[in-house]
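Colleague: with the sequence up front, the predicted model follows.
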Amino acid sequence: MPRPKPTKQLLIDLVNGYQRNIEKLHHGLYECPLTYFYGNLNFHEALAFAAGSFKLREEKDLDADFIKNADIYEIFKLANKKGYPLTNHSNSISQKSSFKTKFERLNPFEGNTFRDRLYNVPKDDSDLLKKRLEKRVNKYVFGCQFDSERIKMNKIFNNGEFNELVNLWFQQKYPKRGKIVPAYASQIAKMISGYPDEHKGQLSLF
């Protein structure tokens, strides 16, 4: 069954407009896309994983040995525990009937089905995600900063601090105050809207 596309404002509300939170969400989805997982996930589970896994990797708290040896459920469980506090500012959503209805439709799965849904994802796709999680995080800069940062970053890259330098092409000029969060939200909405919109049924255990 198809589900609706997320809106920019819905994403802004979920992170309560916090720039650091929406940055982690964007970077997590950019580096570890959930294309082959989204059909088995609630929207909020996907957001929590993206933000939480990036934060864990950024803080070097996602051990490579753990990633290799843990199954996909254990990895999601750890990342989502970290990510839900970053994406759980939903009071304003509950006060807006149109957002509440859309949020419910974006999160169709009910009951204690999280583990079973993750095990529905083909092993090759889980292994690919694990490989991506093992990489260092990228460094992100606005378009106007890219050339100067590229020169500076050569030394940092040699020290192994980041995986690569990423040009936030949608922010070519240094953005004015209040413009950064909406710009990130637009890009996140586009990423998720590009995922298959069919969810895999309810899979309820009750």
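Modeller: Great, that's in hand.
Colleague: how far out from the middle of the chain is stretch 166-181?
Modeller: For stretch 166-181, the separation from the chain centroid amounts to 19 Å (computed by Cα atoms, centre = their mean, to the nearest Å).
Colleague: so who does the spatially closest residue to residue 109 that is not a sequence neighbour touch?
Modeller: With Cβ to Cβ, 6 or more residues apart in numbering as the criterion, residue 109 has its nearest non-adjacent residue at 5.1 Å, and that residue is residue 42. All C-beta atoms are positioned from the backbone trio N, CA, C, and that covers glycine. Residue 42 is in contact with 106, 107, 108, 109, counting by Cβ atoms under 8 Å, 6 or more residues apart in numbering.
Colleague: for PyMOL, what selects the buried ones among those residues?
Modeller: Listed next is the PyMOL selection for buried residues among these, using 16 or more other Cβ atoms under 10 Å:
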select buried, resi 106+107+108+109
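Colleague: would you mind listing where this structure has pLDDT under the threshold?
Modeller: 1, 90-97, 151-161, 172-175, 197-206 (pLDDT under 70).
Colleague: centroid-nearest residue for it?
Modeller: residue 50 (2.6 Å; Cα atoms, centre = their mean).
Colleague: tell me which element it is part of?
Modeller: helix 43-58 (DSSP states H and E).
Colleague: what's in contact with that helix?
Modeller: Contacts for helix 43-58 (Cβ under 8 Å, 6+ apart): 3, 6, 11, 14, 21, 24-25, 27-29, 31-32, 34, 37-38, 41, 62, 75-76, 78-84, 86-88, 103, 106-107, 114, 133, 135-137, 192.
Colleague: count of neighbours near residue 47?
Modeller: Other residues near residue 47 come to 29 when the count uses other Cβ atoms under 10 Å.
Colleague: now swap in residue 82 and tell me
Modeller: The tally of other residues near residue 82 (other Cβ under 10 Å) stands at 20.
Colleague: please apply the same query to residue 110.
Modeller: Around residue 110 there are 12 other residues, counting by other Cβ under 10 Å.
Colleague: confirm that it sits in a helix.
Modeller: No - assignment of residue 110 by DSSP: H, G, I helix; E, B strand; the rest coil gives coil, placing it outside any helix.
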